[in-house]
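> next comes the sequence, and after it the predicted model I'd like to discuss.
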Amino acid sequence: MNKTFCLLMLITLTLSSAVQAKTAQVGVALANFDLNFVSILRTQMMHELDVQGMKGQFSDAKGDVALQVQQVDDFINQGVDAIILNPVDTQGVLPMINAAKNAGIPLIFVNRKPEVPLTGAMAYVGSDSALSGKMQIEALAKLMNYRGNIAILMGALSNEEARERTRAVEAFVAQHNEMKVVEKQTAKWQRNEAVDVVSAWVLNGTPVNAIVANNDEMAIGAIMALNQARKKNVLVAGIDGTPDGLQFIKNGEMAVTVFQDARAQATGAVKVASQLLNKQKTENYHWIPYQTVTKENYAQFSKLNQK
């Protein structure tokens, strides 16, 4: 009897150790590898997954909502333990939420906040989009002495962060009688798209004193277009604090950016995934703070947000 009991205990402990030793598999569904900030997120998550002793599978939706839904389904069918999602469309996340919920798989959103409430084994790790737009325009308006015409370069309209950053800028401008938004158009987060949009604005002859871009890549595109047209004295502001963006701050060509902490978002998402897998209590929303960056303080951010 004692021998049988000891044998059963040994088998139980062996199985328990095997379960504990199992390496967690995490599916990471990203919106578009070609986007600079998403590329930085990817690199940082790869590192943190390794630190946490977890394995990651990464998929690139290439900006295609339907493809991303299929990729999440594929992760579920492959038996991943958790999914980290950087959504293409923050309004189109319900199919993926329902799929993960039905499969009993924790779902962690990173960088782009879904426009539905998160409960249970779901979480968001990222920043407050509207706040970045507010910080950006406050710093820029001060440089403009609170007067002048503003043009806005928007990110992809399917993204909450593009809409919220733009709304925050427009709300601030509406409170200042000598400031006015005279142009507004999407450049889909892309540098080359921004070159085309701003070149068209220059050709139209609309007087613009400052360009507010929803991210650094579009801000850089705006600067390139202004340089090509030899248009000077137009202030340009971005958001993200990417290495490229900080170089333009250093050179004095970009007036302001707002640092968005890719490392904190990436590592935070992986840590929350680990907590949910270990049945630890965690909040549904994890907010990562922004910081305003100018030529005076850019150096302290220069080694951050690296790929």
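Thanks, I have it.
> sec struct for residue 75, please.
At residue 75 the chain is in helix, as set by DSSP: H, G, I helix; E, B strand; the rest coil.
> wait, it touches residue 57, no?
Yes - judged on C-beta atoms under 8 Å, residue 75 makes contact with residue 57 at a distance of 6.9 Å. The way it works is simple: take the backbone N, C-alpha and C, and place the C-beta from them, glycine included.
> more neighbours, those two?
Counted by other C-beta atoms under 10 Å, residue 75 and residue 57 do not tie: residue 75 has more neighbours, with 27 against 16.
> residues in contact with the more buried one?
27, 29, 57, 59, 83 (C-beta atoms under 8 Å, 6 or more residues apart in numbering).
> and if you look at residue 26?
Counted by C-beta under 8 Å, 6+ apart, residue 26 has contacts 49, 54, 55, 56, 57, 80, 81, 82, 83, 84, 270, 273.
> 10 Å - rerun?
Counting by C-beta atoms under 10 Å, 6 or more residues apart in numbering, residue 26 touches 45, 49, 52, 54-58, 75, 80-84, 106, 108, 269-270, 273-274, 277.
> those in helices, which ones?
Counting by DSSP state H, the contacts of residue 26 place 45, 49, 75, 269, 270, 273, 274, 277 in helices.
> surely the fourth one is in contact with residue 44?
If I follow you right, that is residue 269. Yes - using C-beta atoms under 10 Å, residue 269 is in contact with residue 44, at 9.3 Å.
> and which of the ones in helices among the contacts of residue 26 is nearest to residue 225?
Nearest to residue 225, judged by C-beta to C-beta, of these is residue 45 at 32.8 Å.
> in three-state terms, label the nearest residue to that closest one once chain neighbours are set aside for me.
Taking C-beta to C-beta, 6 or more residues apart in numbering, and ignoring the residues beside it in sequence, residue 45 has residue 266 as its nearest neighbour in space, at 4.4 Å. Classification of residue 266 using three-state DSSP returns helix.
> mind jotting down where the helices sit in the protein?
For the chain, applying DSSP H gives helices covering 2-21, 36-51, 65-78, 94-103, 129-143, 160-174, 191-204, 216-228, 243-250, 262-277.
> list the buried ones in stretch 180-200?
Of the residues in stretch 180-200, 183, 186-191, 193-195, 197-199 count as buried by neighbour count, 16 or more other C-beta atoms under 10 Å.
> how about the ones in helices among the contacts of residue 26, which pair is most distant?
75 and 274 (16.9 Å).
> quick one: contacts for residue 182?
Contacts of residue 182 by C-beta under 10 Å, 6+ apart are 148, 149, 150, 151, 152, 201, 206, 207, 208, 209.
> follow-up on the earlier one: from memory the residue nearest to residue 45 sits against residue 58, does it?
No - using C-beta under 10 Å, residue 266 is not in contact with residue 58; the gap is 11.9 Å.
> gap between stretch 194-210 and the chain center?
27 Å (C-alpha atoms, centre = their mean, to the nearest Å).
> what do you get for stretch 263-275?
On C-alpha atoms, centre = their mean, the centre of stretch 263-275 falls 13 Å from that of its chain.
> where does this structure have its least confident helix or strand?
helix 2-21 (a mean of 46; mean pLDDT, DSSP states H and E).
> centroid residue for the protein?
Centroid check for the chain by C-alpha atoms, centre = their mean gives residue 111 as the closest residue, at 3.3 Å.
> find the nearest non-adjacent residue to that one, please.
Counting by C-beta to C-beta, 6+ apart, the residue nearest residue 111 is residue 126, at 4.8 Å.
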